[in-house]
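K.L.:
Fold the following, please.
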Amino acid sequence: MTAANGQKNEFVQYMGRTDADDIYVSEDATGETEHRVFGESVNRPNYGRDLEPIGITFHSPVPWEDFSGRNEKDSDGLETLLYMSEHVGIPLVWIHNTKEDYQNAVRSNQLDQDIEFGVMTANTASDTRFKFSGETIPLRDLEPEIQDVFGTSYRNMGGSKEPNEWRSSFNDFTMEFLPSAYSITDIDAFHAPEPGHIKSLIELKRAEDKPTEWTPWPNDTSQYCLLFRLAEMLNSDKFIFKHQKKPLYKEDVRLFQNLRTPELGDKKKFGHIQKGDYDTAEAYIGDRGESMHPIQAITKIRGEKTRLVNTDYPIAAD
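P.N.:
Okay, here's the model as predicted:
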């Protein structure tokens, strides 16, 4: 996640000041990695329409040959994503490109630029953790390649992710060039005490509303359905961490935990939840949420004491 001005968002900045190095964040600023889960709608007897994960993508700012050994935490995060994909039985896709590639595609239909695309698996034959089976392809081939890996054959293009103020260049690209049947959401953050040991998935929400007012937005139901369904399949916890658009050290946040996975029909059922209506929020998502200091929220997610240790870490101005 990145703020509109291109700076790392406030959650990323704050985590850089703590000793919580076991929380991994998807960050689409230059030089960072991103991770997403793709899903498609299925019909469950006695349950209704639901979303099922069909693949995870890892977006790297550098090609594979430069990635190994570049950043130990990125490698640990990739190992945890690989565990997720293997545990659930879905592919983990590697994509290397630049934000400009997607922007040029959307703005001027430029699809000839090369990207690196492939599938990641565990490398059991050597000391290297990963095996990369991929190639360089033109961006125009991303759609058929990803459909082939995910085992789909949709014809209608135009992703189903709801447009919003903070969408990334990849979100813009999916809304034009990937199947409309796909539901795609960022894996904003996850907690992994050890590489490959996933404890929780964290949905980050950044809004102007105070933590005593903000409630989950039913328009985001498809995101919650998909992310929380993945968490259930991983037997991991799920959290919503809501913070304001200002440095976290100045304000409380609101943490939602012990969450239920909503059904797709809940978007229409609950409509718009009024600010501060936590009775309805609890019916919708399973928890009323609690306002607290950011350190307290991170401690609850990790299940162990978290401290501020790097007070010199740069904090962006309001």
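K.L.:
Quick check: Asn235 vs Pro216, distance?
P.N.:
When distances are taken as C-beta to C-beta, to the nearest Å, Asn235 and Pro216 turn out to be 23 Å apart. Where you see a C-beta, it was placed from the backbone N, CA and C, and this is true even at glycine.
K.L.:
more crowded one of those two?
P.N.:
Taking neighbours as other C-beta atoms under 10 Å, Asn235 and Pro216 compare with Pro216 leading, 25 against 9.
K.L.:
Identify the residues contacting the closest residue to that one other than its chain neighbours.
P.N.:
Closest residue to Pro216 apart from its sequence neighbours, by C-beta to C-beta, 6 or more residues apart in numbering: Ile285 at 4.9 Å. Contact analysis of Ile285 by C-beta atoms under 8 Å, 6 or more residues apart in numbering lists Pro216, Tyr224, Ile240, Phe256, Leu259, Arg260, Pro262.
K.L.:
what are the phi and psi angles of the closest residue to the second one other than its chain neighbours?
P.N.:
Think Tyr224. Distance criterion C-beta to C-beta, 6+ apart; nearest residue to Tyr224, sequence neighbours excluded, is Pro262 at 5.4 Å. Listed backbone geometry of Pro262 is phi -70, psi 160, with angles given as degrees, to the nearest 10.
K.L.:
confidence score at Pro262?
P.N.:
For Pro262, the model assigns a pLDDT of 92.
K.L.:
Repeat that for Trp166.
P.N.:
Here the pLDDT value assigned to Trp166 is 52.
K.L.:
what does Gly159 give?
P.N.:
At Gly159, the pLDDT recorded in the model is 54.
K.L.:
what do you get for Leu308?
P.N.:
The model reports Leu308 with a pLDDT of 85.
K.L.:
give the contact list for it.
P.N.:
With C-beta under 8 Å, 6+ apart, Leu308 has these contacts: Arg17, Thr18, Ile295.
K.L.:
Check Tyr83 too.
P.N.:
Gly196, His197, Ile198.
K.L.:
Now the buried members of the residues you listed.
P.N.:
Among the contacts of Tyr83, those scoring as buried are Gly196, Ile198 (criterion: 16 or more other C-beta atoms under 10 Å).
K.L.:
Just the ones in helices from the contacts of Tyr83, please.
P.N.:
Within the contacts of Tyr83, no residue falls in helices by DSSP state H.
K.L.:
Of the contacts of Tyr83, which is the nearest to Arg36?
P.N.:
For these, the minimum distance to Arg36 (C-beta to C-beta) is 15.7 Å, reached by Ile198.
K.L.:
Could you verify my assumption that the closest one touches Thr80?
P.N.:
Yes: counting by C-beta atoms under 8 Å, Thr80 is a contact partner of Ile198 at 5.7 Å.
K.L.:
Check which residues of the helix or strand of the chain with the lowest mean pLDDT are buried.
P.N.:
Evaluated with mean pLDDT, DSSP states H and E, the helix-and-strand set of the chain has its lowest mean pLDDT in helix 99-108, which scores a mean of 81. Of all the residues in helix 99-108, those buried under the rule 16+ other C-beta under 10 Å are Lys99, Asp101, Tyr102, Asn104, Ala105, Val106.
K.L.:
Looking at the residues you listed, spot the one nearest Phe177.
P.N.:
Using C-beta to C-beta as the measure, the one of the buried residues of helix 99-108 that approaches Phe177 most closely is Ala105, at 6.6 Å.
K.L.:
Enumerate every residue touching the closest one.
P.N.:
Contact criterion C-beta under 8 Å, 6+ apart gives Leu111, Leu139, Phe173, Glu176, Phe177 as the residues in contact with Ala105.
K.L.:
For Lys242, give me its contacts.
P.N.:
The contact partners of Lys242, taken as C-beta under 8 Å, 6+ apart, are Leu204, Lys205, Arg206, Ala207, Pro211, Trp214, Val253, Arg254, Leu255, Phe256, Gly289.
K.L.:
which stretch of helix or strand covers the first one?
P.N.:
Taking DSSP states H and E as the criterion, Leu204 maps to strand 200-206.
K.L.:
What strands flank that strand, and is each parallel or antiparallel?
P.N.:
For strand 200-206, the paired strands and their directions (DSSP bridges) are strand 189-191 (antiparallel), strand 237-243 (parallel).
K.L.:
what does the next helix or strand after the last one rub up against?
P.N.:
Spelled out, that is strand 237-243. Following the chain from strand 237-243 toward its C-terminal end, the next helix or strand by DSSP H and E is strand 253-256. Here strand 253-256 makes contact (C-beta under 8 Å, 6+ apart) with 211-212, 214, 216, 239-244, 285, 287-294, 297, 300-301.
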